[in-house]
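[1] here is my input, please return the structure:
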Amino acid sequence: MNKKNLSILSYITIIGWIVAFVKSKDLNPKSDLVTYHLKQGLGIFLVSFAVNIILSIIVMTVTSLYFLNYIGYAIFILWIFGIINAVNQQKKPIPIIGKMFENQFGFIN
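    You can find the predicted model right below:
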């Protein structure tokens, strides 16, 4: 797989992320683009997972706050931005939350 495909795959579910992570170890020389998108992909997955758990608890306890479920659509849009950046082979952070993950996840390097 080339670096563009691995970058895109890093956003497609956690299984796609794992495949991209394992395959990125085979790249010689190491690709900064793939590493960057692996960090962004893992970050958006973790944020989405945490937000969904928190929102589920909130909406189950206070049903009148059901409109908070629309936050999931916002995360979906951010995920699409990440895929677009990977397709264009750009190392741009995901809007709003991407900067948090640029220097995190040291095991990916």
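[2] what does the pLDDT read for residue 22?
    On pLDDT, residue 22 comes in at 93.
[3] what is whichever strand or helix holds it packed up against?
    Taking DSSP states H and E as the definition, one finds residue 22 inside helix 13-24. Taking 3 or more CB pairs under 8 Å, 6 or more residues apart in numbering; DSSP states H and E as contact, the helices and strands that helix 13-24 lies on are helix 3-9, helix 32-61. Every C-beta, even on glycine, is put in place using the N, C-alpha and C of the backbone.
[4] which one of those helices is the most hemmed in?
    For these, ranked by mean neighbour count under the definition mean count of other CB atoms under 10 Å, the leader is helix 3-9 at a mean of 21.
[5] skipping adjacent residues, who's closest to the residue nearest the centre of the chain in space?
    Nearest to the mean C-alpha position of the chain, counting by CA atoms, centre = their mean, stands residue 41 at 2.3 Å. Nearest residue to residue 41 in three dimensions, chain neighbours excluded: residue 10, at 3.8 Å (CB to CB, 6 or more residues apart in numbering).
[6] tell me how far the one you found lies from residue 23.
    Residue 10 sits 10 Å away from residue 23, taking CB to CB, to the nearest Å as the criterion.
[7] quick one: which of these two has more around it?
    A count of neighbours by other CB atoms under 10 Å puts residue 10 above the other of residue 10 and residue 23, at 30 against 16.
[8] which residue of this structure lies farthest from its centroid?
    residue 64 (29.9 Å).
[9] just the pLDDT at it, thanks.
    pLDDT for residue 64: 89.
[10] same thing with the one 3 residues further on?
    Per-residue confidence (pLDDT) for residue 67: 89.
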